[in-house]
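3D, please:
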Amino acid sequence: MWRRRVRGSLVPEGTLAAAAATQGLVLDTSQLEAAAGLETMAGRGVYLWGPPGRGKSWLMDTFLAQARTGRTTRTHFHRFFADLHTELNLRAHDLDIALDHMLGDAELVCFDEFHVHDPADGIFVDRLLDALFRRPVTVIMTSNYPPGQLLPNPLFHSMFEPTIHRIEQALAIVHVDGPIDYRTLDLDTPRSGFAAGRWMTGSRFPDRREPGDAEAVSLSIGLRTVVARAVRPDLVWFTFDALCERPTAPSDFLHLADRFPRWVISGVPGPDRLGRDAAHRFGSLVDVLHDASIRTDFLAEAPLGQFLRSRHLPVDVERMASRLGQLQTTP
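Okay, the predicted model is just below:
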């Protein structure tokens, strides 16, 4: 038997602005409007969307930390999606039972970085959201896209329109579009996680020994393998081709991210040599590494600005650019 839907606001009005003040932050007009939407949603749920770096994840995480319930789930959507497929295989593909196992008694479910680009994913997302919105939970999502721009491929977009309408009916749609990409600010704080990595051009890393052929290791990912140039105590080293020129998937990158806390990726091609499929996989890889806070050094043929002008970059190039823009760049 389902529990009743959460009634009333999960945080008092003004909570998010007060939390910002304790951190020495001042919310901009767009963030204040989003905070008000979160604080007054009364159990319906909110879809926060806007360009990268405008504070969507901060708003969601601060709301989660202040919520009047400890029964919560917070995850990146692509990780939840991958884990759900695994869970379905264990639960005879019964979606409701799989969600019972994954969400438990959660009253508040938060998904960061919701996006849909693949038509096959779109079909499954429709089933997932139908099952999720029937549950007695409050849902918060962040995305770089308004619902109407999900699954943008014109060949398949009409197929996804019923799902778009479902999102618009179930959640309050709030645009977070302040004037500043906060990821680009120099806050004079030590870099950590993904932002501590580097984008370098040239033939080699100045402070890393180039792997020899004898260091190559085949790593198992389910029924597939990927070859690492080296697996050392302090890092794993891959080539771009090993990760992105082969038919890898975000679930493969998630599996590897769980195993290795620091990465080196060499042989990142210049814009003229970057293929469309490889660029799409690279975008997924950057998402996974960023979301897992993994320090990654990239050795590339071209400077970052030049790489980001490739005509084959994925449709969500703004998110990729914002994330790669946090790296230290070395000529």
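
Not counting its neighbours along the chain, what's nearest Tyr182?
Gly53 (5.1 Å; C-beta to C-beta, 6 or more residues apart in numbering). Where you see a C-beta, it was placed from the backbone N, CA and C, and this is true even at glycine.

That neighbour is in contact with Gly178, isn't it?
No. At 9.1 Å, Gly53 does not count as touching Gly178 under the criterion of C-beta atoms under 8 Å.

so Val236 is in which element?
strand 235-239 (DSSP states H and E).

Figure out how far the helix or strand following that strand is from the centre of its chain.
Tracing the chain past strand 235-239, the next element assigned as helix or strand by DSSP H and E is helix 240-244. Here helix 240-244 is found 20 Å from its chain centre; the criterion is C-alpha atoms, centre = their mean, to the nearest Å.

what's the following helix or strand after helix 240-244?
Helix 240-244 is succeeded, C-terminally, by helix 250-259 (DSSP H and E).

which strands and helices sit next to that next one?
helix 77-90, strand 217-221, strand 224-228, helix 276-291 (3 or more C-beta pairs under 8 Å, 6 or more residues apart in numbering; DSSP states H and E).

sorry, back to before: the strand holding Val236 versus helix 276-291: what angle between them?
Angle between the axes of strand 235-239 and helix 276-291 is 170 degrees (criterion: axes from the mean of the first three to the mean of the last three C-alpha atoms, to 10 degrees).

and strand 235-239, which residues are buried?
Neighbour-count burial for strand 235-239 flags Leu235, Val236, Trp237, Phe238, Thr239 (criterion: 16 or more other C-beta atoms under 10 Å).

Identify the bridge partners of the last one.
Legend: beta-bridge partners of Thr239 under DSSP bridges are Ser266.

can you check the first one too?
Listed beta-bridge partners, Leu235: Arg232 (assigned using DSSP bridges).

check contacts around it.
Listed by C-beta atoms under 8 Å, 6 or more residues apart in numbering, the contact set of Leu235 reads Phe260, Arg262, Trp263, Val264.

okay if I get the residues you listed as a markdown table plus secondary structure and neighbour count?
Formatted as a markdown table, those follow (DSSP: H, G, I helix; E, B strand; the rest coil; neighbours: other C-beta atoms under 10 Å):
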| residue | secondary structure | neighbour count |
| --- | --- | --- |
| Phe260 | coil | 17 |
| Arg262 | strand | 15 |
| Trp263 | strand | 23 |
| Val264 | strand | 23 |
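
now, among these, which is nearest to Ala216?
For these, the minimum distance to Ala216 (C-beta to C-beta) is 13.8 Å, reached by Val264.

Kindly provide the distance from Ala92 to Ala98.
9 Å (C-beta to C-beta, to the nearest Å).

Same question for Ala278.
Ala278 is 32 Å from Ala98, by C-beta to C-beta.

so who does the spatially closest residue to Arg183 that is not a sequence neighbour touch?
The shortest distance from Arg183 to any non-neighbouring residue, by C-beta to C-beta, 6+ apart, is to Gly53 (3.9 Å). By C-beta under 8 Å, 6+ apart, Gly53 lies in contact with Ile180, Asp181, Tyr182, Arg183, Thr184, Ser322.

Sweet, I'm off.
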